[in-house]
Every structure is written in structure tokens, then in C-alpha cells.
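Asks: 3D model of this:
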Amino acid sequence: MRRLVALLAGGIFGAGLLISGMTDTRKVQGWLDIFGDWDPTLAFVMGGAILPMAVAWQLTRGRRPAFAKAFPPPPEPRLGRQLVLGSTLFGMGWGLTGLCPGPAVASLSFGGTEGLVFAGALLLGMRLAPSARRRLDALPLPA
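Replies: Numbers count the residues shown, from 1 in each chain. Down below sits the predicted model:
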């Protein structure tokens, strides 16, 4: 049942990405082009995700999820090397390709070769990330 709910939630998420135009790389790159032909519509998509999620986090207090043992803990609020490096790499990939993982998966059915290359790079990155993280964690922090 849990997998069926996950499939349904993923399908709704993908449909939302398609309807909002977030699988169109030009729309995303237009959002990032603040000094050119700026397209502010991504702000409404982000707000449409952030605001309900903020409410949902509040509603989870003292409750148990229907299909899991517990809700995941809130993310760590501190700013660290992993967050900065991960955000930088994510932003570089997002700006260069106009896709992040959600829209990339949603566009696999019509994204052509570029979508498949992106998905391959995403899978490779996910495979290499744990060893890269261990190596980064072993490095001393600058004083």
C-alpha cells in the first residue's frame, strides 16, 4: 500500500510540474536570467510548494503517518560545508540544464536524448555521492 501511495503522490507531483511548465527548461532558465528576459512564474510555483509544506510540518506534531513508523525529522538548520557544496552543485546543474531532479524525471517520457543524459548523470551522481561525502567529511574544516 505504501508503494501505491508513493506512486500516486509522485504522479500528482509530476502532473503539477507539467501543468506549471517546470519541465520546460526555458522557463527555469528564464527565472534565473534576472538581468535579461526574466520570467517570475517560478516564484509562484515555489510558493505553492513552500507554503503548504510549512503548514504540513506544523500538522505533523504529535501525529503518526499512516504508512510509516514516523515522520522524517526536520532538516538540520545549521549552515555547513555539505549544504554549501551541495547547493552550489545543484544550482550549477540547474542553471546549465534548466532541470532539477523532479522535472527531469517527469520529462523522461518526452525529453529526448537530453533527458536521458541528464537522468544518467543524476544516477551516476547518486552512486558517487556517498564516497564523495565520506572523503569530504574526513577533510579538516578551515579555521
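Asks: Buried residues, the helix ranked longest in the chain. List them.
Replies: The single longest helix within the chain, with elements called by DSSP state H, is helix 112-138. Residues 115, 118, 119, 122 are the ones in helix 112-138 that count as buried (16 or more other C-beta atoms under 10 Å). C-beta: built from backbone N, CA, C; applies to glycine.
Asks: Need the pLDDT of the closest residue to residue 60 other than its chain neighbours.
Replies: Excluding the flanking residues, the one nearest residue 60 by C-beta to C-beta, 6 or more residues apart in numbering is residue 71, at 4.7 Å. Here the pLDDT value assigned to residue 71 is 84.
Asks: doesn't residue 65 make contact with residue 71?
Replies: Yes. Checked against C-beta atoms under 8 Å, the pair residue 71 and residue 65 is within contact range at 5.6 Å.
Asks: More neighbours: which of these two?
Replies: residue 71 (14 against 11; other C-beta atoms under 10 Å).
Asks: Kindly reformat the buried residues of helix 112-138 as CSV and extend each row with distance to residue 142 and pLDDT.
Replies: Putting the buried residues of helix 112-138 into CSV (distance: C-beta to C-beta, whole Å; pLDDT from 0 to 100) gives the following:
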residue, distance to residue 142, pLDDT
115, 39, 76
118, 33, 81
119, 35, 82
122, 30, 84
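Asks: Using the three-state scheme, assign residue 16.
Replies: helix (DSSP: H, G, I helix; E, B strand; the rest coil).
Asks: for the protein, what spans make up the strands?
Replies: Here the chain has no strands by DSSP state E.
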